[in-house]
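# Here is my input; please provide its structure:
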Amino acid sequence: MPKIKDIAQICKSKNAGPFNVTIDVLFEDHDLYRRVKETGVLNAALFSRLYGVPEADILFTPYDTAAAFKATFPRAIPAGDFGDTDVYGAQQHAPLLDVEIPLEA
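Just a heads-up that it's a prediction; the model follows:
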């Protein structure tokens, strides 16, 4: 079963201000994006499980025109605060990379 890291052209994270992080998953192929979307695997509940954030706090949006998914949610520690290990939020996409997508051949 393919993983996000195998099929998405871009999977990245960044700060959305000091208190939130946003993750983008983009596909070059619109048909592949549509097939991924149809599986329903990428959703707010997945981000809730992966990042330990209540599902109600996750803004999850598929963007059909851009063949992309975006999820924004609160950071566990504000950017630059004591204990923050990723001040730019640039490494937060890592847990998503190994998510398997059940695509039919």
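# The closest residue to residue 54 other than its chain neighbours and residue 76, how far apart?
Nearest non-adjacent residue to residue 54, counting by CB to CB, 6 or more residues apart in numbering: residue 48, 6.5 Å away. To be clear about C-beta, it is placed using only N, CA and C from the backbone, and glycine gets the same treatment. Distance, residue 48 to residue 76, using CB to CB, to the nearest Å: 13 Å.
# still on that earlier bit, now tell me what touches the host helix or strand of the residue nearest to residue 54 from outside.
Take DSSP states H and E as the rule and residue 48 turns out to sit in helix 44-51. Helix 44-51 has contacts (CB atoms under 8 Å, 6 or more residues apart in numbering) with 23, 53-55, 58-60, 71, 73, 92, 95-96, 99.
# elements contacting the helix or strand following that helix?
Going down the chain from helix 44-51, the next helix or strand is strand 59-63, by DSSP H and E. When contacts are defined as 3 or more CB pairs under 8 Å, 6 or more residues apart in numbering; DSSP states H and E, strand 59-63 packs onto helix 44-51, strand 68-74.
# Quick check, residue 66 in contact with residue 28.
No - if you go by CB atoms under 8 Å, residue 66 and residue 28 don't touch, sitting 10.8 Å apart.
# where does this structure have low pLDDT?
Low-confidence segments of the chain (pLDDT under 70): 105.
# Show me which parts of the helix ranked longest in it are buried, residue by residue.
The residue-count maximum for a helix in the chain (DSSP state H) belongs to helix 30-39. Across helix 30-39, burial judged by 16 or more other CB atoms under 10 Å covers 32-33, 35-37.
# again with stretch 70-78
Residues 70-73, 75, 78 are the ones in stretch 70-78 that count as buried (16+ other CB under 10 Å).
# sorry, back to before: got the angle between the helix holding residue 48 and strand 59-63?
Orientation of helix 44-51 against strand 59-63 (axes from the mean of the first three to the mean of the last three CA atoms, to 10 degrees) gives an angle of 120 degrees.
# Throw the buried residues of stretch 70-78 into JSON lines and include distance to residue 1, thanks.
JSON lines is the format used below for those (distance: CB to CB, whole Å):
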{"residue": "70", "distance to residue 1": "23"}
{"residue": "71", "distance to residue 1": "21"}
{"residue": "72", "distance to residue 1": "27"}
{"residue": "73", "distance to residue 1": "25"}
{"residue": "75", "distance to residue 1": "30"}
{"residue": "78", "distance to residue 1": "36"}
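# Alright, calling it a day.
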